[in-house]
Every structure is written in C-alpha cells, then in structure tokens.
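Colleague: build me a structure from this.
(one chain, ligands or ions: 1)
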Amino acid sequence: MFERLKDIAAELAGQDIVDLFAQDDTRAEGFSARFDGILLDYSKTLITDEVRAALIDLAETRGVAARRDAMFAGQEINETEGRAVLHIALRNLDGAPVLIEGHDVMPEVRDTLGRMEAFAEDVRGGRVKGQGGAITDVVNIGIGGSHLGPEMGTLALRPYHDGPRCHFVSNVDGADIADTLAGLDPATTLIVVASKSFTTVETMTNAETARAWMAEAVSDPAAQFVAVSTAEDKTAAFGIPPERVFGFGDWVGGRYSMWGPIGLPLMIAIGAEDFRAFLGGAAAMDAHFREAPLARNLPVLLALAGLWHHQVCGYPTRAVLPYDQRLARLPAYFQQLEMESNGKRVTMDGLPLDGVSGPVVWGEPGTNGQHAFYQLIHQGTQVVPCEFMVAAKGHEPHLAHHHRLLVANCLAQSEALMCGRSMDQARDLMAKAGFEGDELERQAAHRVFPGNRPSTTLIYDRLTPRRLGQIIALYEHRVFVEGAILGINSFDQWGVELGKVLATQLEPVLSGDSDGAGKDGSTRALVAFVRQHM
Ligand code: F6P
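Modeller: A predicted model of the protein is given here:
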C-alpha cells in the first residue's frame, strides 16, 4: 500500500529539509494547518507537495472518510467486539442525535452528565460529606483507560483546579495505594472506583484495600465510595448503591473514555463548567475532523505525517515532547491511545498486516528531556521523528521569563534537529577553541549534528480546558486515521489478555498452592528465587 510513497522517498534520498525552505519561502505556511487557536506545523519534515498528494490519495483510497462517517453514524466498526465506537457522543452536547441501530444515545449521555455535574458540584460545595465533614481528598482507583486520562487531565489543568485534592492509584503494587493513602483522613476522603468492566484485578484489589482502610475509621465506608463502570451488577455486589454509580455504554472504549464518567475526578477538580469547556473543545475538533478537507484537516495531516515517518521512512519510534510540565503524563496517555489502538499484527479481516504495526510512542516534557535523551535524538544513528507541543502563553504571568525560555528551547530543538551542524562548522568551532591538525579533526567529529531530522510542532495560545479537549480529540482522531489506513481495528486490545491469564495462573504458584508444573524453565527459576526471598 505504501509502494508509491516508498518510491518517492527513495527519490528524495539526499534531499535536505533546509533546502525545501530555500526553494520555497512560503513553505512554513504551505505545510501547516490551523484550527481555532491551534497551529500544526509539519514543514520541518521531508513532506513535499508530491508526498502530501500521495498521502492524501492513500487516505482517500483507503476509505478514511467513509470509516470516519461510519463511526459518527454509530455503526459497529469495532468488529471483533461487535460494538459501535461512540466516545464522540460524550461530547456531542449541542449536536444531532447519535444513533445505534436507530436508538439515540444522547438522552442517556445528557442524563449521566447531569448526574455527574450535580454530584461533582455537591462534593466541591461540601454537600456530599464524609463521616468527618466536607470531602478534602478524592482517590481515583483505576488503571489504563480508567486512570491515565483523568490523571493526565487533572495535572494538565492544575491552574483550574479549585476542588478537593485528587489522587490516583493504579498499580497493583501495594506501594501505590500505601503511599497514596498515607496521610489522608479516611473520614474526609471519597474513593472513586473506576473500571469499565469492574473485574480488573489491579483495580478490584486496590478497591478492597481502600475499603478495609476506610472501614477501620468510618462506620459506613460504602457511603464514601463511588463507582464508575458499565457493570452495574458488579458495582452492586461490591456494595455501592445505584445512585452512586455512574455508568456508560460499551460503545465507549477504555482509552477513549475520559469524556464521560471516567472523567469524574477531573470534573470534581475543575468544576462542571470547565469540564463542559473541555468537552466543547473536543466537540469542536470532532466537527473539524468531519468537515475540513483532508489537506487542511489536522487529525488527518498529523496521521499522514506519522505514517510517512513510520511506514514509509521506516523510523520505528515517535517521541511526544510537550514543553509543558503539566503535560508530564501526556506521553503515557498517548502511549496507551496509540499503542493499544494500533499495536496490532492483523488487519480487520484477520490477515497479516502488510507492513509494520503502529509505532512505539514515548516522551517526556521539555526541557527535562533535553538533559536526558535528546543526545540520541540529535546524534544517535536512529532517526526519531519528534512531535513538539507548546503554548504561546503560560499560566504564571509573574514568571513570563520562564515561559519565554521554555518556548525558546522548544523552537530551538526543532531548528537544531533540522539544521544540524556540518563538519566544516564544527571545524571552525574547534579552530576557534585552539585545536589543530588531527586533534581538531577528532574533536570536530564529535560536534557534528547530522540535521535533517524531522519534527512537527503543535502550538496553541494557552492550555485551557477547551484547548486540552481539542488536543486530546485531535490525537484520538489521528490514531483513528492511522488505523483506518492500515486496515486495523483500533478499538480492541486482545494483546493484553494473555499476560492477564498467565498472571492469574502464577499467583498460586508464588503462594505455594500450585507447583507450577508445565511452566517453562526460566519462569520456574524466577518463581524459585522469589519463594526463597519472599
Ligand atoms: O488491560 C487493558 C485494559 O482493558 C484497557 O483497555 C483498559 O483501559 C484497562 O484495561 C482497564 O479496564 P477496566 O476499565 O475495565 O478496569
């Protein structure tokens, strides 16, 4: 499917990105797209008019628009699980009905949102109380899609956080819940158990530990628990009354779920109004995704740049580099979004993929990453396409000079990656430093930056709730477009199942209740070591 693009890439071998700018002084404008307060600049890549046309052609022939419309129309596009994919309904508050087999899901979406808002505002206003009075701390217990979104969003929107403190427990490692609960007062703590299935072993183990912790100090622990789940029978069995359960349809995938009840801790943190602004941003991006021509469509362009680098140029990973300390958890959020969605080896038809699956996604906020792994990005032998993100304006007016430095660093990195430093420039530097002869050559070689390394920059005015909603929806749709072109079902995650099954088998082996017969030699040796030292 990528043959034509690979031919073009071969013809472009030896071409420098900087030369593309020299040939076309409108390149920055021509290879960027804007929407609302956001600018996506993909001009610092080797994408030319010809490449872009071939990529758009690919998106057209692979039926991206039809699949997008099928998603919005509530069709069962998650075929391996027999489900519609309608997280977009959770933010479609001013939109048309969203139908699944003729049934409009919007009334129940609005009803649940209304219940969430009433509850969140009651918690924030001190009307929902613990045994010891108004709620001071909220602990969200969930993992994966029931954790990463609200955790990432709560940190991202810290300047808007005026509700109780929010904490997030995910790992089955007892250290996580022990460290989180230490110092909290059970009498003023609210526990949110967030699990779509309400069976995930990490979450249920942590929920039981939290209940035992609360029961030591509080006479009615269930009154300080809330459940967010699609499984009402299981939440009832856990002892959480129906009025404290916020449900959602199976048409919302875990990693796409922060827009609905899974976002409850974020709503408690920032309030119902700002949460609506967050939803409004996502809805605006949904409309843009549906309506903008492919060549000016941000999610489509970001996806095409990603496919160009990963599938055509063969770069195996992608770095997400937000220059925003409050987006520290965004790379982890995007890791699940991208890798759980498109880390698949077969197509929708169950046939082997014609190429490689989606890329490894990783990253850290700038400028911290600069002092850790950017060495490899600049001078390593593997090319890592970088996705920079930065706000023009911060939230600390009294620290505007910090923000200027932050933005300067972000822009400098993409410039350095593209321009590099030639051997001649390095020689000049070394000569000025007093080196000569062989030593000058040797020292100069270490100071060469090959350059010509691609990056995109997403720049926006300020990280408000609305902008965050837009950015997350942008990346959701980008993953969708990549999956659609690859022919992948981006909405299942069978690859996480086997490890879960084997962990369930191994637990009794570790406790000595089972002998581990049939396990491989390495696993048996590791078990033996643990049993000796536990
Ligand atoms: O193990 C993967 C996964 O199923 C994710 O897709 C999901 O977000 C996470 O586990 C948590 O699942 P649940 O919300 O059902 O506890």
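
Colleague: top helix in this protein by residue count?
Modeller: When the chain is parsed with DSSP state H, its longest helix is helix 465-486.

Colleague: for that helix, name the packing helices and strands.
Modeller: strand 38-41, helix 49-61, helix 64-72, helix 148-156, helix 272-291, helix 298-307, helix 341-342, strand 455-460 (3 or more CB pairs under 8 Å, 6 or more residues apart in numbering; DSSP states H and E). C-beta here means a position set from N, CA and C on the backbone, and glycine is covered the same way.

Colleague: show the subsequent helix or strand relative to it.
Modeller: Next helix or strand after helix 465-486 toward the C-terminus (DSSP states H and E): helix 497-511.

Colleague: what distance separates the longest helix of the chain from the middle of the whole chain?
Modeller: 9 Å (CA atoms, centre = their mean, to the nearest Å).

Colleague: what's the answer for stretch 56-68, then?
Modeller: 24 Å.

Colleague: now stretch 352-366
Modeller: Stretch 352-366 has its C-alpha centroid displaced from the chain centroid by 13 Å (CA atoms, centre = their mean).

Colleague: pull out the buried positions in it.
Modeller: 357, 358, 359, 361, 362, 363, 364, 365, 366 (16 or more other CB atoms under 10 Å).

Colleague: rebuild those residues as TSV, extending it with distance to residue 150.
Modeller: Formatted as TSV, these follow (distance: CB to CB, whole Å):
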residue	distance to residue 150
357	28
358	24
359	25
361	20
362	22
363	20
364	21
365	19
366	24
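
Colleague: for residue 244, what are its contacts?
Modeller: 225, 226, 227 (CB atoms under 8 Å, 6 or more residues apart in numbering).

Colleague: apologies, that question was intended for residue 256.
Modeller: Contacts of residue 256 were listed using CB under 8 Å, 6+ apart, and they are 85, 87, 145, 337, 476, 491.

Colleague: circling back to that earlier point, which one of the helices and strands packed on helix 465-486 lies closest to residue 24?
Modeller: Closest approach to residue 24 among the helices and strands packed on helix 465-486 is made by helix 49-61 (9.1 Å; CB to CB).

Colleague: could you say which helix or strand holds the residue positioned nearest the centre of the chain?
Modeller: The chain has residue 334 as the residue nearest its centroid, 2.2 Å off, counting by CA atoms, centre = their mean. According to DSSP H and E, residue 334 maps onto helix 330-335.

Colleague: for residue 81, same thing?
Modeller: For residue 81, there is no enclosing helix or strand under DSSP H and E.

Colleague: so it sits right up against residue 492, yeah?
Modeller: Yes. Between residue 81 and residue 492 there is a contact under CB atoms under 8 Å: 5.3 Å.

Colleague: what is the neighbour count of residue 241?
Modeller: By other CB atoms under 10 Å, 13 other residues sit near residue 241.

Colleague: dump the residue contacts of it.
Modeller: Residue 241 neighbours (CB under 8 Å, 6+ apart): residue 222.

Colleague: thinking again about what came up before, is the longest helix of the chain up against the ligand anywhere?
Modeller: No. Using CB under 6 Å from any ligand atom, helix 465-486 stays clear of the ligand, coming no nearer than 13.6 Å.

Colleague: how about stretch 84-96?
Modeller: No. Against the ligand, stretch 84-96 shows no contacts by CB under 6 Å from any ligand atom, the least distance being 12.3 Å.

Colleague: now do that stretch, average pLDDT.
Modeller: Per-region confidence: stretch 84-96 scores 94 on mean pLDDT.

Colleague: can you tell if the helix holding residue 334 touches the ligand?
Modeller: No. Helix 330-335 lies apart from the ligand when judged by CB under 6 Å from any ligand atom; the minimum separation is 11.3 Å.

Colleague: could I get the CA-only coordinates of stretch 9-22 as PDB?
Modeller: Taking C-alpha atoms only, stretch 9-22 is exported to PDB below (Å, rounded to 0.1, in the frame of the first residue of the first chain):
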ATOM      1  CA  ALA A   9      11.000   8.600  -0.500                       C
ATOM      2  CA  ALA A  10      13.800   6.900  -2.500                       C
ATOM      3  CA  GLU A  11      13.900   9.700  -5.000                       C
ATOM      4  CA  LEU A  12      14.100  12.200  -2.100                       C
ATOM      5  CA  ALA A  13      17.100  10.500  -0.600                       C
ATOM      6  CA  GLY A  14      19.800  13.100  -0.200                       C
ATOM      7  CA  GLN A  15      17.300  15.900  -0.100                       C
ATOM      8  CA  ASP A  16      17.700  18.200   2.900                       C
ATOM      9  CA  ILE A  17      14.700  19.700   4.700                       C
ATOM     10  CA  VAL A  18      16.500  23.100   4.900                       C
ATOM     11  CA  ASP A  19      16.800  23.100   1.100                       C
ATOM     12  CA  LEU A  20      13.000  22.800   0.800                       C
ATOM     13  CA  PHE A  21      12.800  26.100   2.700                       C
ATOM     14  CA  ALA A  22      15.400  27.600   0.500                       C
END
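
Colleague: average pLDDT for that stretch, rounded please.
Modeller: Per-residue pLDDT values over stretch 9-22 give a mean of 96.

Colleague: how far off centre is that stretch?
Modeller: 31 Å.

Colleague: who touches it?
Modeller: 27-28, 43-46, 48, 51, 312-313, 418-419, 451-452, 454.

Colleague: so which of those are in helices?
Modeller: 27, 28, 51, 418, 419.

Colleague: can you say which of these are buried?
Modeller: 27, 51, 418, 419.

Colleague: the last one: what's its closest spatial neighbour, skipping adjacent residues?
Modeller: Think residue 419. Excluding its sequence neighbours, the residue lying closest to residue 419 (CB to CB, 6 or more residues apart in numbering) is residue 451, at 5.2 Å.

Colleague: and the pLDDT for the residue lying farthest from the centre of the chain?
Modeller: Distance from the C-alpha centroid of the chain, by CA atoms, centre = their mean, peaks at residue 437 (50.5 Å). Note on residue 437: pLDDT of 98.

Colleague: and residue 469, by the same measure?
Modeller: 98.

Colleague: now it. Nearest residue, chain neighbours left out?
Modeller: Nearest non-adjacent residue to residue 469, counting by CB to CB, 6+ apart: residue 281, 2.8 Å away.

Colleague: pull the number of nearby residues for the one you found.
Modeller: For residue 281, using other CB under 10 Å, the count is 25.

Colleague: for it, list the residues it contacts.
Modeller: 464, 465, 466, 467, 468, 469, 470, 471, 473.

Colleague: among those residues, who's most crowded?
Modeller: Highest neighbour count within the contacts of residue 281, by other CB under 10 Å: residue 473, with 28 neighbours.

Colleague: hmm, residue 280 and that one touching each other?
Modeller: No. Here residue 473 does not reach residue 280: they are 10.6 Å apart, not a contact under CB under 8 Å.

Colleague: mutual contacts of those two, please.
Modeller: With CB under 8 Å, 6+ apart as the test, residue 473 and residue 280 both reach residue 91.

Colleague: before we move on, the earlier item: show me which of the contacts of residue 244 is closest to the ligand.
Modeller: residue 227 (11.2 Å; CB to the nearest ligand atom).

Colleague: tell me the SS of that closest one?
Modeller: strand (DSSP: H, G, I helix; E, B strand; the rest coil).

Colleague: and it, what does it touch?
Modeller: Counted by CB under 8 Å, 6+ apart, residue 227 has contacts 192, 193, 194, 195, 198, 235, 238, 240, 244, 245, 246.

Colleague: what subset of those residues is also close to the ligand?
Modeller: residue 195.

Colleague: and for residue 191, the neighbour number?
Modeller: Residue 191, neighbours per other CB under 10 Å, totals 26.

Colleague: my read: it touches residue 139, true?
Modeller: Yes. Residue 191 is within contact range of residue 139, at 5.1 Å (criterion: CB under 8 Å).

Colleague: spit out the residues that contact the two alike.
Modeller: Counting by CB under 8 Å, 6+ apart, the residues touching both residue 191 and residue 139 are residue 210.
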